[in-house]
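Colleague: Following is a predicted model, sequence given first.
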Amino acid sequence: MPGPGPHLMYAMGSGLALTRLSHGRFSPHHTLTYTINAFFGPDIGSFSLWLGSFFTHSFGSSLADAIHDPFYYSLILGFPLCVLYSWLSKVLLHKGLLDSVSGVPLTKRQCFLLLSAGSLSHFFLDHLFEENGHSSMYTWVLSTGWWKNRAPINPDAVVVVGFLCTCLIAGFIYINRVKPIKSSRNQSYQSAKLILIVASLYCLWCASQIYWVNPRRAAVGEEADLGILVFMATYFFLPHCLCIMSMNPKDHDVEQLPL
């Protein structure tokens, strides 16, 4: 599975990109908290194994397995850790050890969002590159494809998939068409809404062909589109959305970074 290097570099690189694009609203405090949880976060299970073994070994093992999970980690340790990270952010800022750009430490809410994002990013790499490529998530993603033989071409699949992809492209062009008065924020919101709607319908179509039709049919040729969309939405887009939600508000006096 990925070691410290890939986890740290992937999360820190993403954090630096967000810092640049947000002109400092995603501060070094954000990046550090996100990076620590993307690397050390869910792997704290080994510590919980030792701690839980004071009661029974089976309890410690169960606790470790629960914590080494993309969602249970945040639910079990989210509150105490976000209090700790918020306090550390204040200490680092007041001691002058880490600049926040905006001059304010992270709140508990921001720390919880970053903690959750870090946990999901941790498993983005783990699911792809551990257990010799046979992790349960990766195996499920591949299972949504068609590997028996050459996938048959179903006319209804061509029509549905073609229609949805056309709606996505045409809808994006319509939302972002040239207008006298434009609100880039509203256009981005409408474009994201369009993607979510089309993605939901696309997944619904794939799921219907894989799990509801008997015998099973190839949803989109040989492609594992359902698994890929669910995986990327959960472990790539969601953590970055959580990072964006944790940004400092615009009303803070944020130093503008040079372009």
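Modeller: Right, received. Where do you want to start?

Colleague: Correct me if wrong, but C203 is in a strand.
Modeller: No. Judged by DSSP: H, G, I helix; E, B strand; the rest coil, C203 forms no part of a strand; its state is helix.

Colleague: and it, what pLDDT?
Modeller: Listed pLDDT for C203 reads 97.

Colleague: ditto for L257
Modeller: In this model, L257 is scored at 42, pLDDT.

Colleague: any weak-confidence spans in this protein?
Modeller: Counting by pLDDT under 70, the low-confidence segments of the chain come to 1, 45-61, 63, 180-182, 251-259.

Colleague: just the helices in it please.
Modeller: Ranges of helices in the chain, per DSSP state H, are 4-21, 28-39, 45-52, 57-67, 72-94, 108-129, 136-143, 155-175, 184-207, 225-232, 238-245.

Colleague: Kindly reformat these as a markdown table containing distance to R216.
Modeller: (Glycine included, C-beta is placed from N, CA and C.) Output for those, formatted as a markdown table (distance: least, C-beta to C-beta, whole Å):
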| stretch | distance to R216 |
| --- | --- |
| helix 4-21 | 35 |
| helix 28-39 | 36 |
| helix 45-52 | 36 |
| helix 57-67 | 32 |
| helix 72-94 | 32 |
| helix 108-129 | 24 |
| helix 136-143 | 11 |
| helix 155-175 | 13 |
| helix 184-207 | 11 |
| helix 225-232 | 12 |
| helix 238-245 | 28 |
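
Colleague: for the ones you listed, which one sits closest to R217?
Modeller: Checking these against R217 by C-beta to C-beta gives helix 155-175 as the closest, at 7.6 Å.

Colleague: Packing partners of the closest one?
Modeller: helix 184-207 (3 or more C-beta pairs under 8 Å, 6 or more residues apart in numbering; DSSP states H and E).

Colleague: chain center to the helix it packs on, what's the gap?
Modeller: 17 Å (C-alpha atoms, centre = their mean, to the nearest Å).

Colleague: list the helices and strands it packs on?
Modeller: helix 155-175, helix 225-232.

Colleague: Burial-wise, tell me which of those helices comes out on top.
Modeller: helix 225-232 (a mean of 19; mean count of other C-beta atoms under 10 Å).

Colleague: got the angle for that one vs helix 136-143?
Modeller: Interaxial angle, helix 225-232 versus helix 136-143 (axes from the mean of the first three to the mean of the last three C-alpha atoms, to 10 degrees): 150 degrees.

Colleague: who's in contact with helix 225-232?
Modeller: The contact list for helix 225-232 (C-beta atoms under 8 Å, 6 or more residues apart in numbering) reads 127, 137, 140-145, 199, 202-203, 206-207, 210, 219.

Colleague: Ok, stretch 155-162 next?
Modeller: 202, 205, 209, 217-221.

Colleague: Return the member of those residues nearest to T33.
Modeller: When these are compared for distance to T33 (C-beta to C-beta), Y202 wins out at 33.9 Å.

Colleague: What are the neighbouring residues in contact with the residue nearest to that closest one when sequence neighbours are not counted?
Modeller: Distances taken as C-beta to C-beta, 6 or more residues apart in numbering put L164 closest to Y202, at 5.4 Å, once the chain neighbours are dropped. Residues near L164 by C-beta under 8 Å, 6+ apart: 198, 201-202, 205.

Colleague: do that again at 10 Å, thanks
Modeller: For L164, the contacting residues are 197-199, 201-202, 205, by C-beta atoms under 10 Å, 6 or more residues apart in numbering.

Colleague: Same check on S27?
Modeller: S27 makes contact with 15, 18-19, 33, 89, 93, 98-106, 110, 246-248, 252, 254, according to C-beta under 10 Å, 6+ apart.

Colleague: Filter those down to the buried ones.
Modeller: Buried by 16 or more other C-beta atoms under 10 Å: 15, 18-19, 33, 89, 93, 98, 100-102, 104-106, 110, 246-248, 254, out of these.

Colleague: for the helices and strands packed on helix 184-207, which one sits closest to A192?
Modeller: That would be helix 155-175 among the helices and strands packed on helix 184-207, by C-beta to C-beta, at 10.0 Å.
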